[in-house]
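Participant: sequence and predicted structure, then a few things I'm wondering about:
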Amino acid sequence: MQTRVRLLLAAAALATVAGAATRSLAGYWDFRYDPEDRGETAGWAASEDPRGWTRIQVPGSYDQALRNNVLYQGKAWHRTWFDASPAPGERTLLRFDGVAIRASVWVNGKPAGAHLFPYTGFTFDVTGLIHPGRNLLTVLADNQLLSDAIPDTSCTGWWNYGGINRGVFLETVPDAYLRDYSITTRMAGDGWDLRFAANAINTGAPVEGTLSATLTDSRGSTVWSGRWPLKLPAGETRVSEGATVRGVAAWSPESPALYRLNLTLSTPRGKYEETVRSGFRQIEVKGTQILLNGRRVFFKGVNYHEMYPGDGMTLSREQVRRDLLDMKAMGCNFVRLAHYPHDRQVYELADELGLMLWTEIPAWQTRAETLGSLDVWHTYGAPQLTEIIAQRRTHPSVVVWSVGNEFPSDREPVEQYIARATALVRQLDPSRLVTFASDRRERDIAFGHADFIAINEYFGWYYGAIQDLAANLDLIHAKWPGKPVVVSEFGSEGVPGWTNPAPADRAMDYSEDYQMKLVGTHLGYILDPARQSYMAGALLWVYADFPNPKAFQRSGQPPIAAYMNLKGLVTDDRRHKRVWDVVQKAFR
Ligand code: ADA
């Protein structure tokens, strides 16, 4: 009887339901490691037995939250309970913003779905699995690196934080709703061409309806609106519309103007409404120059890992805001998100504060054998790139897609991966630039596929002398005279407080003085007016110190360097090192 009343009330409310009701499932969940891989056969997915479980904060990395198992690679179980009151004509969606590395999900002991990539989101329609009242949600995360996947077992550039690193949400939507938005803008005379698209998902019988769109500025005034009839067969329909709009301001780092596109899908059965925030912005390459909104731009920036001591990869919005404001204060207009798509809040804040972004698939030093495999491409390459782009392409801040970092791009199988990956990116999103970060410098054989050349160089740190960079930049320009060049990584370690009044030119010298000398000299070469015609960016490695598993295995280094990457311009807890001022002076 009670259930019946609830259903009737929910049905009565449906007429006024607009859009998704979203509920966060963040909180303390049950947790247990499963190093021997017993859970699946032992039925943990359906079990509510409290024995053997501890508590963990979600979102949060499991190795970070428990602090007793930081080298753990393997399976770990999470479970929680949520209340539901499903109503006819409504769908219940379970959305995860990121589970590392692979995830399997059960609702009330029944499989809801699985996902293979650590840093993109996924959504399961769990309408058929839930019941009124209390429901059990179980998530198995597995952060074991595999040899034939992206990332693969070579991926040791940052801590392998496993688990539910990002938010989990329950959404209630009508039976026809919208997903997967894209917005592209192009300058058109005194106005802008605006195109937007979305998937209309109709889970009920075929129906006719309307799609309406309203574009408003930051004061809420309507700039443009439109309305179109729609025929929705059962399943997914890609709808795409556009218009030329006038009197709007362009988005740029100096003036990050944002607009809201309100989309409403109405059918006789209900109404779904969503607001997507975006901006008018154009990025392109002309010869050896990168142009933003038709004017030459130079990427002044840092590489940024999503990490903070004690929080693993789960940063608060306030921390991200502080970090991005500190980068702006340093004179940055650009951030390379190393080496994976970050949480949605990073993109939202970059849109608001005015920072251009580079977003990368975590193909970090991936083996040539892995990248050369077509199985890997079809399972981990193409679908992961597709998710990355689908989930980030409404942000005006995103201007660069990267298909990887420091893989053997002087070898044919990798060159072929880069050819496939850049072609797919251009097909999915022709409105942005595509590249990869190469450590092969003049030996690279794949730069032809990139819109601009991006080199990671460590002259004066891992090899050569500080001064060797100058000749190397000239050599690269001589070999590829038609392309802009961005130095996508450079830097040296600096232990906070360590001094060396007379550092040499070629040393693994951990003093802040050496770090200042290397960074200052390299910035001088990159910004030299003699190279102005083709240099298009300088991206420091790295914004903040962070725990580094590679260093963890090295010996013969200062104790603090034994487990940290100390190339930060600020410490892990965000205190400025002396090099911060060197960068600010150059960028300003
Ligand atoms: C590489 C890599 C970075 C970081 C850096 C370093 O070039 O791309 O992730 O590991 O070197 O500090 O050695």
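Facilitator: Received, thanks.
Participant: domain parsing for this structure?
Facilitator: 3-10+175-281, 26-166, 284-587 (automatic domain parsing).
Participant: close to the ligand, is the last one?
Facilitator: Which is domain 284-587. Yes: against the ligand, domain 284-587 shows contacts by C-beta under 6 Å from any ligand atom at His339, Asn405, Glu406, Asp439, Asn456, Glu489, Trp541, Asn565, Lys567. Just so you know, the C-beta spots here come from the backbone N, C-alpha and C atoms, and that holds for glycine as well.
Participant: next one: that domain to chain centre, how far?
Facilitator: 14 Å (C-alpha atoms, centre = their mean, to the nearest Å).
Participant: so how far does that domain reach from one end to the other?
Facilitator: Start and end residues of domain 284-587 are separated by 22 Å (C-alpha to C-alpha, to the nearest Å).
Participant: please state the mean pLDDT value computed over that domain.
Facilitator: For domain 284-587, mean pLDDT rounds to 96.
Participant: try the second one
Facilitator: Taken as a whole, domain 26-166 has a mean pLDDT of 95.
Participant: what ranges does the stretch 301-450 of the chain have for its strands?
Facilitator: 334-337, 356-360, 398-405, 433-438 (DSSP state E, counting those that start in this stretch).
Participant: may I see those organised as CSV, with mean neighbour count added?
Facilitator: Output for the strands of the stretch 301-450 of the chain, formatted as CSV (neighbours: other C-beta atoms under 10 Å):
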stretch, mean neighbour count
strand 334-337, 26
strand 356-360, 25
strand 398-405, 26
strand 433-438, 26
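Participant: out of these, nearest to Gly524?
Facilitator: Gly524 lies closest to strand 334-337 among the strands of the stretch 301-450 of the chain, at 19.1 Å (C-beta to C-beta).
Participant: pLDDT wise, what is Leu14 at?
Facilitator: 34.
Participant: pull the contacting residues for the residue of the chain found nearest the ligand.
Facilitator: Distances between the chain and the ligand by C-beta to the nearest ligand atom are smallest at Gly157, namely 3.8 Å. Applying C-beta atoms under 8 Å, 6 or more residues apart in numbering, we find Gly157 in contact with His339, Trp364, Gln365, Asn405, Asn548, Lys550.
Participant: select only the buried ones of those residues in ChimeraX?
Facilitator: To isolate the buried members of these in ChimeraX, using 16 or more other C-beta atoms under 10 Å:
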select :339,364,365,405,548
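Participant: now for the contacts of Gly157, which pair is the farthest apart?
Facilitator: Once C-beta to C-beta is applied, the contacts of Gly157 give Asn405 and Asn548 as the farthest pair, at 15.0 Å.
Participant: relative to Phe452, how far out is the residue nearest the centre of the chain?
Facilitator: Closest to where the C-alpha atoms of the chain average out (C-alpha atoms, centre = their mean) is Pro341, at 1.5 Å. Pro341 sits 20 Å away from Phe452, taking C-beta to C-beta, to the nearest Å as the criterion.
Participant: cool, Ile130 as well?
Facilitator: For Ile130, the distance to Phe452 - C-beta to C-beta - is 48 Å.
Participant: which stretch among the strands of the stretch 301-450 of the chain comes nearest Arg67?
Facilitator: Nearest of the strands of the stretch 301-450 of the chain (C-beta to C-beta): strand 334-337, 26.1 Å.
Participant: for that closest one, which strands pair with it and how are they oriented?
Facilitator: If you go by DSSP bridges, strand 334-337 pairs up with strand 299-304 (parallel), strand 356-360 (parallel).
Participant: quick one on the thing from earlier: the residue nearest to the centre of the chain contacts His395, correct?
Facilitator: No: look at Pro341 against His395 with C-beta atoms under 8 Å: they stay out of range, at 10.9 Å.
Participant: list the buried residues of stretch 472-492.
Facilitator: 472-473, 476-477, 480, 483-492.
Participant: and the end-to-end length of it?
Facilitator: 18 Å.
Participant: next one: stretch 328-343
Facilitator: 20 Å.
Participant: nearest to Ala465 among the contacts of Gly157?
Facilitator: Closest to Ala465, out of all of the contacts of Gly157 and judged by C-beta to C-beta, is Lys550, at 23.5 Å.
Participant: one step back: just to be sure, the residue of the chain closest to the ligand is in a strand?
Facilitator: No: read with DSSP: H, G, I helix; E, B strand; the rest coil, Gly157 is coil and lies in no strand.
Participant: quick check: the gap between it and Asp311.
Facilitator: Taken as C-beta to C-beta, the span from Gly157 to Asp311 is 19 Å.
Participant: again with Leu371
Facilitator: 32 Å.
Participant: go through the host helix or strand of Ala112 and flag the buried ones.
Facilitator: Element membership for Ala112 (DSSP states H and E) is strand 110-115. Going by neighbour count (16+ other C-beta under 10 Å), the buried part of strand 110-115 is Ala112, Gly113, His115.
Participant: reformat those residues as JSON lines; add distance to Arg38.
Facilitator: Putting the buried residues of strand 110-115 into JSON lines (distance: C-beta to C-beta, whole Å) gives the following:
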{"residue": "Ala112", "distance to Arg38": "21"}
{"residue": "Gly113", "distance to Arg38": "22"}
{"residue": "His115", "distance to Arg38": "22"}
